[in-house]
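Engineer: Here is the input, now give the coordinates:
(one chain, ligands or ions: 1)
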Amino acid sequence: MNLKEAKAITGGLSNPGKMPGFAYNLPTWACITGTKLRDVEGSTCSGCYAHERGRYRFPNVKEALNRRLNSLTDPRWIKAMTLLVSHYSVKVPFFRWHDAGDIQSVDHLKKIFEVCDATQQVEHWIPTRESKFLPLPGSSIPKNLKIALSDHMNDQKTPPSWWPHTSGVSTDPDSVTCPASTQGNQCKNCRKCWDKSVKRVIYPKH
Ligand code: SF4
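Structural biologist: Below is the predicted model:
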């Protein structure tokens, strides 16, 4: 398999300007929990940037997102994603899953685990609201993967206690721990989202 074939199979990677490395996304209209939360005032999915704003509205982008979604059942997906992640993470070995979209099933998460296991030179981070698909903490999770369970509501005071890594969204600038907004909306040298010693990250509400 070559890169061209891997891109055709998976729909390719994304390259968010904020992040240090490459990423991968799925359509937000396929978010299972996110679709319910989008209509809830004060939820972290209300006013979702990926669903309602920016380049994600363009037909060619939507088409690419649908291709990625449909490719999840392709038996070549793990091999193709492994090739892409390996190739595009050589210079910056930090990969983000789902800069838009979310985990679709336990089987989908297991496939992501296989890609992580096959790319141990890369640190992976996946934020998710799909707690029902997560394994028991500590079991069968690749060592190079940080799974951050995202809060459902803005300014949530109590994060889920059963999962070791969480993230929240705050309307109070003093509570925000993500430094991106103070450094040109760039991660720069910050790697909190991949760093397992950081148990909770708070982002500003956009
Ligand atoms: S906490 Fe750090 S790594 Fe995470 S998004 Fe913000 S700047 Fe980037």
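Engineer: For the ligand, see how far away Asp21 is.
Structural biologist: Wrong residue type there; residue 21 is Gly, not Asp. Using CB to the nearest ligand atom, to the nearest Å, Gly21 is found at 11 Å from the ligand. (Glycine included, C-beta is placed from N, CA and C.)
Engineer: ok, that residue to Lys110 distance?
Structural biologist: Gly21 sits 23 Å away from Lys110, going by CB to CB, to the nearest Å.
Engineer: what residue lies at the spatial centre of this structure?
Structural biologist: Closest residue to the average C-alpha location of the chain: His98 at 3.0 Å, with CA atoms, centre = their mean.
Engineer: Which residues of this structure lie near the ligand?
Structural biologist: Residues of the chain lying close to the ligand by CB under 6 Å from any ligand atom are 178-180, 187, 190-193, 201.
Engineer: Just want to know which of Gly21 and Lys110 has more residues nearby.
Structural biologist: Gly21 (21 against 13; other CB atoms under 10 Å).
Engineer: Mind telling me what element the residue nearest to the more buried one when sequence neighbours are not counted is part of?
Structural biologist: The shortest distance from Gly21 to any non-neighbouring residue, by CB to CB, 6 or more residues apart in numbering, is to Val92 (3.9 Å). Under DSSP states H and E, no helix or strand contains Val92.
Engineer: ok now do Val92, which residues does it touch?
Structural biologist: The contact partners of Val92, taken as CB atoms under 8 Å, 6 or more residues apart in numbering, are 20-22.
Engineer: what do you get for Asn154?
Structural biologist: Contacts of Asn154 (CB under 8 Å, 6+ apart): 42-44, 46, 168-171, 205.
Engineer: okay, and for this protein, where does confidence drop off?
Structural biologist: For the chain, the stretches with pLDDT under 70 are 49, 51-57, 137-138.
Engineer: What ranges does it have for its helices?
Structural biologist: Per DSSP state H, the chain carries helices over the ranges 3-10, 32-37, 49-52, 59-71, 77-88, 106-118.
Engineer: taking those helices together, which one is wrapped up most tightly?
Structural biologist: Of all the helices of the chain, helix 77-88 carries the top mean neighbour count, a mean of 20, counting by mean count of other CB atoms under 10 Å.
Engineer: which helices and strands does it pack with?
Structural biologist: For helix 77-88, the contact count by 3 or more CB pairs under 8 Å, 6 or more residues apart in numbering; DSSP states H and E identifies helix 3-10, helix 106-118 as packing neighbours.
Engineer: Go through those helices and name the closest to Ile141.
Structural biologist: Closest to Ile141 of these is helix 106-118 (CB to CB; 7.1 Å).
Engineer: Buried ones among the contacts of Asn154?
Structural biologist: With burial judged by 16 or more other CB atoms under 10 Å, the buried subset of the contacts of Asn154 is 43-44, 46, 168-170, 205.
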